[in-house]
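In: 3D model of this:
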Amino acid sequence: MKTWSDSELFEELKKDNKMAFSILFDRYSDILFRFIQKRIESIPDVEDIIQEVFISMWNRRSKIEVGDSIYPYLFKAAKYEMIDWLIKSEKRNRHLDYLEINKDQYLIGTTSEDELIAKELARLLENEMSRMPDTMRSVFRLSRSEDMSIKDIANQLSLSEQTVKNNVSMALNRLKFKLK
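Out: This next block holds a predicted model:
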(Lines give C-alpha, C1' and ligand atoms only; values in the text may rest on other atoms or scores of the structure.)
Protein backbone atom coordinates (compact mmCIF):
# COMPACT_ATOMS: atom_id res chain seq x y z
CA MET A 1 0.00 0.00 0.00
CA LYS A 2 1.33 3.41 -0.96
CA THR A 3 2.27 5.84 1.80
CA TRP A 4 0.94 9.23 0.79
CA SER A 5 2.67 12.47 1.66
CA ASP A 6 0.72 15.21 3.42
CA SER A 7 0.62 17.29 0.25
CA GLU A 8 -0.76 14.35 -1.77
CA LEU A 9 -3.36 13.66 0.90
CA PHE A 10 -4.35 17.29 1.03
CA GLU A 11 -4.79 17.40 -2.74
CA GLU A 12 -7.10 14.40 -2.40
CA LEU A 13 -8.88 16.11 0.47
CA LYS A 14 -9.60 19.08 -1.79
CA LYS A 15 -11.32 16.57 -4.11
CA ASP A 16 -13.60 15.59 -1.19
CA ASN A 17 -11.77 12.30 -0.63
CA LYS A 18 -12.94 11.14 2.79
CA MET A 19 -10.29 8.42 2.92
CA ALA A 20 -7.60 11.11 2.70
CA PHE A 21 -9.31 12.93 5.57
CA SER A 22 -9.35 9.74 7.61
CA ILE A 23 -5.65 9.09 6.95
CA LEU A 24 -4.75 12.65 8.00
CA PHE A 25 -6.87 12.27 11.12
CA ASP A 26 -5.18 8.99 12.01
CA ARG A 27 -1.77 10.46 11.28
CA TYR A 28 -2.12 13.57 13.43
CA SER A 29 -4.89 13.15 16.02
CA ASP A 30 -2.66 11.47 18.63
CA ILE A 31 0.06 14.11 18.28
CA LEU A 32 -2.53 16.88 18.58
CA PHE A 33 -4.09 15.10 21.56
CA ARG A 34 -0.78 15.11 23.46
CA PHE A 35 -0.11 18.73 22.48
CA ILE A 36 -3.53 19.94 23.66
CA GLN A 37 -3.63 17.79 26.79
CA LYS A 38 -0.50 19.54 28.09
CA ARG A 39 -2.69 22.62 28.48
CA ILE A 40 -6.20 21.22 28.97
CA GLU A 41 -6.74 18.32 31.35
CA SER A 42 -10.27 17.25 30.42
CA ILE A 43 -10.08 14.40 27.90
CA PRO A 44 -13.59 15.08 26.47
CA ASP A 45 -12.63 18.74 25.98
CA VAL A 46 -9.36 17.75 24.29
CA GLU A 47 -11.29 15.39 22.00
CA ASP A 48 -13.79 18.17 21.21
CA ILE A 49 -10.98 20.56 20.31
CA ILE A 50 -9.34 17.99 18.03
CA GLN A 51 -12.69 17.36 16.40
CA GLU A 52 -13.18 21.09 15.82
CA VAL A 53 -9.70 21.35 14.26
CA PHE A 54 -10.45 18.58 11.78
CA ILE A 55 -13.98 19.80 11.05
CA SER A 56 -12.56 23.25 10.37
CA MET A 57 -9.91 21.74 8.09
CA TRP A 58 -12.60 19.82 6.18
CA ASN A 59 -14.83 22.89 5.86
CA ARG A 60 -11.95 25.11 4.72
CA ARG A 61 -10.11 22.52 2.60
CA SER A 62 -10.56 24.44 -0.64
CA LYS A 63 -9.03 27.61 0.87
CA ILE A 64 -6.08 26.13 2.75
CA GLU A 65 -2.66 26.12 1.14
CA VAL A 66 -0.35 23.35 2.29
CA GLY A 67 3.30 22.96 1.38
CA ASP A 68 5.06 19.70 2.10
CA SER A 69 3.35 19.16 5.45
CA ILE A 70 -0.04 19.92 6.97
CA TYR A 71 1.52 19.66 10.43
CA PRO A 72 2.06 23.45 10.85
CA TYR A 73 -1.53 24.21 9.80
CA LEU A 74 -3.01 21.65 12.21
CA PHE A 75 -0.96 22.87 15.16
CA LYS A 76 -1.82 26.50 14.48
CA ALA A 77 -5.50 25.56 14.18
CA ALA A 78 -5.25 23.56 17.43
CA LYS A 79 -3.66 26.54 19.16
CA TYR A 80 -6.50 28.84 18.07
CA GLU A 81 -9.15 26.28 19.06
CA MET A 82 -7.50 25.96 22.49
CA ILE A 83 -7.52 29.74 22.91
CA ASP A 84 -11.21 29.85 22.00
CA TRP A 85 -11.93 27.00 24.41
CA LEU A 86 -9.99 28.69 27.23
CA ILE A 87 -11.83 31.98 26.68
CA LYS A 88 -15.21 30.22 26.68
CA SER A 89 -14.20 28.19 29.72
CA GLU A 90 -13.17 31.31 31.61
CA LYS A 91 -16.49 33.00 30.75
CA ARG A 92 -18.37 29.88 31.83
CA ASN A 93 -16.46 29.75 35.11
CA ARG A 94 -17.10 33.43 35.82
CA HIS A 95 -20.79 32.93 35.11
CA LEU A 96 -20.94 29.86 37.38
CA ASP A 97 -19.09 31.75 40.12
CA TYR A 98 -21.59 34.60 39.81
CA LEU A 99 -24.50 32.18 40.00
CA GLU A 100 -22.97 30.46 43.03
CA ILE A 101 -22.48 33.77 44.84
CA ASN A 102 -26.02 34.90 44.01
CA LYS A 103 -27.80 31.54 44.19
CA ASP A 104 -30.02 32.56 47.11
CA GLN A 105 -31.25 35.55 45.16
CA TYR A 106 -32.07 33.30 42.20
CA LEU A 107 -33.80 30.71 44.36
CA ILE A 108 -35.97 33.37 45.98
CA GLY A 109 -36.65 35.02 42.63
CA THR A 110 -37.64 31.83 40.79
CA THR A 111 -40.98 32.48 39.19
CA SER A 112 -43.43 30.62 37.08
CA GLU A 113 -42.07 32.72 34.20
CA ASP A 114 -38.62 31.16 34.72
CA GLU A 115 -40.22 27.74 34.76
CA LEU A 116 -42.09 28.52 31.54
CA ILE A 117 -38.87 29.63 29.87
CA ALA A 118 -37.11 26.45 30.99
CA LYS A 119 -40.01 24.31 29.73
CA GLU A 120 -40.07 26.15 26.40
CA LEU A 121 -36.32 25.70 25.99
CA ALA A 122 -36.65 21.99 26.78
CA ARG A 123 -39.50 21.72 24.25
CA LEU A 124 -37.45 23.47 21.56
CA LEU A 125 -34.48 21.21 22.31
CA GLU A 126 -36.60 18.04 22.09
CA ASN A 127 -38.28 19.31 18.92
CA GLU A 128 -34.94 19.95 17.22
CA MET A 129 -33.53 16.62 18.40
CA SER A 130 -36.56 14.82 16.96
CA ARG A 131 -35.62 16.26 13.55
CA MET A 132 -32.11 14.84 13.71
CA PRO A 133 -31.28 11.64 11.83
CA ASP A 134 -31.59 8.58 14.09
CA THR A 135 -27.86 7.97 14.39
CA MET A 136 -27.09 11.60 15.20
CA ARG A 137 -29.86 11.73 17.80
CA SER A 138 -28.74 8.47 19.43
CA VAL A 139 -25.09 9.52 19.50
CA PHE A 140 -25.95 12.93 20.92
CA ARG A 141 -28.21 11.54 23.66
CA LEU A 142 -25.59 8.99 24.71
CA SER A 143 -22.89 11.65 24.70
CA ARG A 144 -24.77 14.34 26.60
CA SER A 145 -27.54 12.61 28.58
CA GLU A 146 -25.71 9.40 29.44
CA ASP A 147 -22.28 11.09 29.58
CA MET A 148 -20.69 8.22 27.64
CA SER A 149 -17.26 8.54 26.07
CA ILE A 150 -16.77 8.65 22.30
CA LYS A 151 -15.16 5.21 22.44
CA ASP A 152 -18.03 3.67 24.44
CA ILE A 153 -20.64 5.14 22.10
CA ALA A 154 -18.73 3.84 19.07
CA ASN A 155 -18.61 0.36 20.60
CA GLN A 156 -22.26 0.36 21.63
CA LEU A 157 -23.56 1.58 18.26
CA SER A 158 -20.96 -0.24 16.13
CA LEU A 159 -19.70 3.01 14.61
CA SER A 160 -16.21 4.37 14.13
CA GLU A 161 -15.03 6.87 16.73
CA GLN A 162 -14.69 9.48 13.99
CA THR A 163 -18.33 8.97 12.96
CA VAL A 164 -19.40 9.43 16.58
CA LYS A 165 -17.33 12.62 16.89
CA ASN A 166 -18.72 13.99 13.65
CA ASN A 167 -22.30 13.26 14.72
CA VAL A 168 -21.85 14.95 18.11
CA SER A 169 -20.32 17.99 16.45
CA MET A 170 -23.04 18.23 13.80
CA ALA A 171 -25.75 17.86 16.47
CA LEU A 172 -24.21 20.63 18.57
CA ASN A 173 -23.92 22.89 15.54
CA ARG A 174 -27.58 22.26 14.64
CA LEU A 175 -28.72 23.04 18.16
CA LYS A 176 -26.57 26.17 18.41
CA PHE A 177 -27.98 27.42 15.11
CA LYS A 178 -31.61 26.62 15.94
CA LEU A 179 -31.55 27.84 19.53
CA LYS A 180 -29.85 31.20 18.89
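
In: what's the neighbour count on Trp58?
Out: 15 (other CB atoms under 10 Å). Every C-beta, even on glycine, is put in place using the N, C-alpha and C of the backbone.

In: list the contacts for it?
Out: 13, 21 (CB atoms under 8 Å, 6 or more residues apart in numbering).

In: Tell me the pLDDT of it.
Out: Model confidence at Trp58, expressed as pLDDT, equals 91.

In: can you tell me which helix or strand it belongs to?
Out: Counting by DSSP states H and E, the element that carries Trp58 is helix 43-59.

In: which parts of that helix are buried?
Out: Neighbour-count burial for helix 43-59, with 16 or more other CB atoms under 10 Å as criterion, is recorded at 46-57.

In: In a markdown table, list these along with distance to Phe33.
Out: A markdown table is the format used below for those (distance: CB to CB, whole Å):
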| residue | distance to Phe33 |
| --- | --- |
| Val46 | 6 |
| Glu47 | 8 |
| Asp48 | 11 |
| Ile49 | 9 |
| Ile50 | 6 |
| Gln51 | 11 |
| Glu52 | 13 |
| Val53 | 11 |
| Phe54 | 12 |
| Ile55 | 16 |
| Ser56 | 16 |
| Met57 | 16 |
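
In: Out of those residues, flag the one nearest to Trp85.
Out: Among the buried residues of helix 43-59, Ile49 lies closest to Trp85 (CB to CB), at 5.7 Å.

In: Once you drop chain neighbours, what's closest to the closest one?
Out: Glu81 (4.7 Å; CB to CB, 6 or more residues apart in numbering).

In: What are the phi and psi values at Arg131?
Out: phi -90, psi -10 (degrees, to the nearest 10).

In: how close does it get to Trp4?
Out: Relative to Trp4, Arg131 is positioned 38 Å away (CB to CB, to the nearest Å).

In: about what we covered before: which residues are in contact with the residue nearest to Ile49?
Out: 49, 52-53, 56.

In: Would you mind telling me which of Arg131 and Trp4 has the busier surroundings?
Out: Trp4 (16 against 10).

In: That one is in what secondary structure piece?
Out: Counting by DSSP H and E, Trp4 is found in no helix or strand.

In: Distance check, the closest residue to it other than its chain neighbours against Lys79.
Out: What sits nearest to Trp4 in space, not counting adjacent residues and going by CB to CB, 6+ apart, is Ile23, at 6.7 Å. Distance, Ile23 to Lys79, by CB to CB: 23 Å.
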